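Peer 1: no sequence on this one, just coordinates:
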C-alpha cells in the first residue's frame, strides 16, 4: 500500500510527539508508530522522511533511528518470530537501491544512522546478496577523489560506510565463510584504501605548508582516521598479503602522525582548537600498532623501537585535558602490550620503571578537575568508570594496567617502586591534609587498582603485595570512615569505602561490626557517590562467606542497626538525583533478604517500596533500579509472609493499587514483574484463594495478553499458581479449553514451547483425569505434530518429563491407551525411538527422580514391556534407567547447547527478567518415594520374584557391563536381590 502525503505528515507528527517530555502523547505516538510499522513499505516511507530536507532535523533524525531499528527487527528475523515477519524482497531491493545515494547526500548526523542501517543489512546480505555494494563504494570513492578539489564530505561518507561494513571482521569468529568475505573485501578495497590514504597524506602536507587548495584540514584528518579504522578491521583476523607488502607505506605515515605537530589545527586555545580531530587520528594509529604488536609481532619488530619512542614522547606532551583521554589511553595500551611481549626489555633500562611511574602513571592517576566535576555532576557516570569490576577504559585504570603489564616480568621492582611511591603520597598528605588530599586518594587508588583477585565466595578475594591490608585499613581507611562529618572530603570518603568493599574478606568480623554504624551514617551523605558506595559496601559485606560456604554475617549481626539502616536507605532515595539509585535499592533488597522481618520493619518497608513503585510507574527509566525494586518487594513479601501469614492481606492491600495501575495504564515494561508478584501472592494464599483474584484469572486467560513474548514466562508462572491453588475453577465456564488453547499457542514457537510444557504439566499434576480425558487426544496430536516437524533435544526432554508426570499421576494404562488411541502402537514407537535413547539426557534432581520412577513403573507394571516379545526393550529401558541414575551428568549429557535454541530464546529472554525472590517453589510430585535407586531395585526384586530366573538372563543380554555392575551394587546396598 502506498503512503500518501497525508500519511507521511501524520508519521512526521508522530516522530515529533515521541520527543515530548509528557509521557501521554509520547506513549500514544509510540503506539501509533508501532501500528504503522506493520504496514507495507513502512521502511520506504521512513526513508522519504529522512530525505525530505524541508522537515525539522529532529524528525529526519528520529526517522533514521526508527528506520535503523526497523531494519534490525525485520531484515532477517528468526523463523519463529511470528511478530516480525521479514521484509518482502521487492521492498528490500528498493531499500538497497536508495540507501547508499541517500547516505552520501545526507548531513553527518543522518549519515551516522544510515551507515549503521547499511551495516545491519550488510551483516546479513554483504557481500553475497548485495554484490553491487562494494563496487559502488569503490566507484564513488574514485569519482569523489578525482574532483578538484577532492570531495571529502562524500569521501568520508563512503569511508564511514565501509568502516561500518568491515567491522564484522573484528567481532566474528574466524570461519571459512568469513575469510572468503574478507578476501572479497581485500581484493576490491585494499588498493583504493591505500590510494586515498596516501593522497590525503600528501594533501595534509601541502595544506599544512600553506597551500590554498580549498580543503578543510579537519576533513582530511577525519578521512585518515576512517582509513585507520578500516585498516584495523581488514587486519584484525590475520595479516593480509597486500598490507604486508605495503607495510612500509602505512607505517611511515603512522609514525609521522605520532611525531608531527599541526599548528593550523592544533594551535590556539586551551584545549587547542581542532586538536581533537588530530588526536582521534593518533588514537586510531595507536590501536593499529597495538594490533600489529599483538598479532604480527615478527613482521612489526623492525618498526617497534621507533614507535615505542614516538609513543613515549607523545605521552610526555599530552596534557590532562579530558579531550585527550582516548589518545592517552590508546598510547598507554600500546606500551602495555609491549611490556608483556618478548620485547619487554625496552623497559629494563636503569630508572626506566621509576620514570614510568612518576611521569606516566602518577600524573594519570591523580584526580583532575574534570574528575571532581564528574563526581559532583554525574554520579552514575563516575561510578560506572570507577566501580570495582568496570571494564571501561579510563586514564586512571589504564595507567595501572601498564604497571601490571611491566610487573609481569619485573614484579619485585614494580612492587618496591610503587610501595615507596604510596608512602611518599601518604607522607605528603599527612604534612598538609587540606592541600594534599588528592595524594591520599591517589595512594588508595593505586592499592585498589593494582590488587589481584582470585575466585572466591562473595565476588572474589582481593590481595596485594604493596601494603599490609589490615595495617593500611587501620591507619589510612578507618580514620576516613570514622570522621564525624560524612560530607567532608567526599572523594576521599568514596575511595575509603571502595577499599573497604574490595578487601572486605580480609577485614575481621569484629572490626566490621564496629564500623557498620559508620557505614549506616554514610548513607545520609549528600554526595550521591558516597552514599552509593556506602550502600554497595553494606550489600557486598552481607554476601561474604567463610571457608565451607557459611555466610559470615547473619540477621543478629545487623539487628542492632536495622531500623536506622532501613530509615537511612529510604532517606537516600529521597536525595536529589538519587531517587532511582540502583546501588541503594540493591542494598535494600539484600538487607531484607537477611534481616529478621518483624511487622515493625515490614510496614514502613512496604510503604516505602510501594510509594517508589507508584512514582516509577509514571515514567520507567532505569531498568536496573526497577528490577531491584521489584526484587525488594518480592523478598519482603516472601520472608514476611512466611514468618507471619497474617500479613498477606495487608501486603495485598498495599500492592494491588500499584499492580492495577501497571495493568490499567499499560506500563508494558512492568508487566512481567507484575505477573510474577501476583503469582507470588497467589502461592502464599491457602485455598480457596480470595475472590479478588478471580477477575485477574479471567483476564489471564485472554489470548491478547499472550501476544507479547516478554510476558509469556511471567504469565505461565501466574497461570501455574492459579492452577495449583484453584484447580476446580478450570471445570467451570470452559476455562480448561482456554488454558489448553494457550498451551497450543505456546507450542507453535520453539522459543515458547518449554513454557507450553510448564502449563501442560501443571494441568496434569493438579486436575483429575476425568476432567482431562476428553482433551488428551488433541494434546497428543499437537505434541506429535511438533515432534515430527522439529525434534530438538529441549523438546524431547520436555516431552519425556511430561509423559513421566502423566504416568505417575494418572497411571501407565491411561498414558499408553491415550497415546495409542491417536495412532495404533505409537506408544511402542515413542518408547523405542524417544524414551529409551533420550532418558539419559534428563538433568535436575526432581526431573531425574520423576523420569526414573516413571520409567521403573513402566518396566515393572506395563504390559507393553512385560510381554515376552518385548524383552529386548525391557532390557534397554533398564539400561537407560541405570545410566540416568548411576553416571555423573557430564558423562551422559552433551554440555554443548543447541545453537538454534539459543537464538530462538533471544526473542523474550532479552526483555523478560525473572524475579529470584518471587520464583516458583518446585514441588516434588513423588514425596512418598525417598530414593529412585531404591525404588528401582525394590520394584525389580518384587517383579523377579514372580518369574525366578527370567530377568537375570534379560539383564545379561541387554544391559551394558558397567550398568550391570552398578545394578549389582544397588541391589547389595538396598538388600534387594534380583532372582
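Peer 2: Thanks, I have the structure now. Small disclaimer: the values here were computed from a predicted structure and weren't measured.

Peer 1: My guess is residue 816 contacts residue 865. True?
Peer 2: No. The pair residue 816 and residue 865 fails to qualify as a contact (CB atoms under 8 Å) at a distance of 10.0 Å. For glycine as for every other residue, the C-beta is placed from the backbone atoms N, C-alpha and C.

Peer 1: What part of the protein, helix or strand, is modelled with the least confidence?
Peer 2: Here the helix or strand of the chain ranked lowest by mean pLDDT, DSSP states H and E is helix 899-909, holding a mean of 30.

Peer 1: For the stretch 851-979 of the chain, which residues score under the pLDDT cut-off?
Peer 2: 894-912 (pLDDT under 70).

Peer 1: ok, residue 518 - contacts?
Peer 2: 481, 482 (CB atoms under 8 Å, 6 or more residues apart in numbering).

Peer 1: what's the answer for residue 115, then?
Peer 2: 103, 157, 160, 161, 163, 164.

Peer 1: quick one: which helix or strand includes the nearest residue to it once chain neighbours are set aside?
Peer 2: Excluding the flanking residues, the one nearest residue 115 by CB to CB, 6 or more residues apart in numbering is residue 164, at 4.7 Å. Applying DSSP states H and E as the criterion places residue 164 in helix 152-166.

Peer 1: Show me which positions of the helix or strand following that helix end up buried.
Peer 2: Next along the chain after helix 152-166, taking DSSP H and E as the criterion, comes helix 168-171. Using 16 or more other CB atoms under 10 Å as the test for burial, helix 168-171 gives 168, 169.

Peer 1: what's the answer for stretch 635-649, then?
Peer 2: 635, 636, 637, 638, 639, 640, 641, 647, 648.

Peer 1: and what of stretch 216-233?
Peer 2: 216-233.

Peer 1: Over to stretch 417-430?
Peer 2: Buried, per 16+ other CB under 10 Å, within stretch 417-430: 417, 418, 419, 421, 422, 425, 426, 428, 429.

Peer 1: Without its sequence neighbours, what residue ends up closest to residue 517?
Peer 2: Distances taken as CB to CB, 6+ apart put residue 561 closest to residue 517, at 5.7 Å, once the chain neighbours are dropped.

Peer 1: Residues in contact with stretch 134-142: which ones?
Peer 2: Contacting residues not belonging to stretch 134-142 are listed as 100, 104, 126-127, 154-155, 158-159, 161-162, 184-185, 188-189, 192, 196 [CB under 8 Å, 6+ apart].

Peer 1: Might you calculate how far the lengthiest helix in the chain sits from the centre of the chain?
Peer 2: Ranked by number of residues, the top helix in the chain under DSSP state H is helix 395-431. Averaging C-alpha positions (CA atoms, centre = their mean, to the nearest Å) puts helix 395-431 34 Å from its chain's average.

Peer 1: what is the rounded mean pLDDT of it?
Peer 2: The pLDDT scores in helix 395-431 average 93.

Peer 1: next helix or strand past it?
Peer 2: helix 437-449.

Peer 1: That following helix versus helix 395-431: what angle between them?
Peer 2: Interaxial angle, helix 437-449 versus helix 395-431 (axes from the mean of the first three to the mean of the last three CA atoms, to 10 degrees): 130 degrees.

Peer 1: give the contact list for residue 444.
Peer 2: 476, 477, 492, 495, 496, 498, 499.

Peer 1: One more pass at 7 Å, please.
Peer 2: Going by CB atoms under 7 Å, 6 or more residues apart in numbering, residue 444 touches 476, 495, 496, 499.

Peer 1: Residue 32 now?
Peer 2: Per CB under 7 Å, 6+ apart, neighbours of residue 32: residue 14.

Peer 1: Look at it and report its pLDDT.
Peer 2: 91.

Peer 1: Let's verify it: helix, strand, or coil?
Peer 2: helix (DSSP: H, G, I helix; E, B strand; the rest coil).

Peer 1: same question, residue 462
Peer 2: Counting by three-state DSSP, the backbone at residue 462 sits in strand.

Peer 1: Show me where this protein dips below the pLDDT cut-off.
Peer 2: Low-confidence segments of the chain, defined by pLDDT under 70: 1, 79-83, 267-274, 388-392, 455-460, 894-912.

Peer 1: now the strands for it?
Peer 2: Using DSSP state E, the strands of the chain run over residues 452-454, 461-463.

Peer 1: residues in contact with the last one?
Peer 2: Around strand 461-463, the neighbours that count as contacts under CB under 7 Å, 6+ apart are 451, 452, 453, 454, 502, 503, 505.

Peer 1: isn't the fifth one right next to residue 448, touching?
Peer 2: Yes. Under the criterion of CB atoms under 7 Å, residue 502 makes contact with residue 448 at 5.6 Å.
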